[in-house]
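1. requesting a structural model of the entry that follows:
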Amino acid sequence: MQRNNNAAIIEISQVANQFRASIVLQYDNKYIDAKSILGLYTTLIHSGRYSLHVHGPDADEAKTALTEVFKKYEMDYNFVEE
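-> Alright, predicted model coming up:
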């Protein structure tokens, strides 16, 4: 499980860094920059529900790419519409 979790963290960060949009992952009351691999390592666990805040010029493309990653690792998520 830990190895799969590490792979998810790395892939989320890599995908997030492909976009100019701001991508913030929320878990409970913690807010983490999804582009920060260290931030993801300190908070991401495989069994939680995550909220993603995505804003910027390429937000739609970022959401599509992140959806693929979260589904690949069977992680529960939703996008926050603001």
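2. what strands flank the host helix or strand of Val54, and is each parallel or antiparallel?
-> Assigned by DSSP states H and E, Val54 belongs to strand 49-55. Strand partners for strand 49-55, identified by DSSP bridges, are recorded as strand 22-27 (antiparallel), strand 76-79 (parallel).
3. check those strands for me and report the most buried one.
-> Among the strands paired with strand 49-55, strand 22-27 has the highest mean neighbour count (mean count of other Cβ atoms under 10 Å), at a mean of 19. For glycine as for every other residue, the C-beta is placed from the backbone atoms N, C-alpha and C.
4. average model confidence for it?
-> For strand 22-27, the mean pLDDT works out to 95.
5. quick check: next helix or strand after that strand?
-> strand 30-33.
6. how far does that next one sit from the chain's center?
-> 10 Å (Cα atoms, centre = their mean, to the nearest Å).
7. now the next helix or strand after it: buried residues?
-> The C-terminal neighbour of strand 30-33 among helices and strands, as given by DSSP H and E, is helix 37-43. Neighbour counts using 16 or more other Cβ atoms under 10 Å place 37, 39-40, 43 of helix 37-43 among the buried residues.
8. nearest to Asn5 among the residues you listed?
-> Leu40 (9.9 Å; Cβ to Cβ).
9. hmm, Ala34 and the closest one touching each other?
-> Yes - using Cβ atoms under 8 Å, Leu40 is in contact with Ala34, at 6.8 Å.
10. low-confidence ranges, the protein, go.
-> 1-4, 45-47 (pLDDT under 70).
11. that older thread, go through the strands paired with strand 49-55 and name the closest to Gly56.
-> Between those, strand 22-27 lies closest to Gly56; by Cβ to Cβ that is 5.4 Å.
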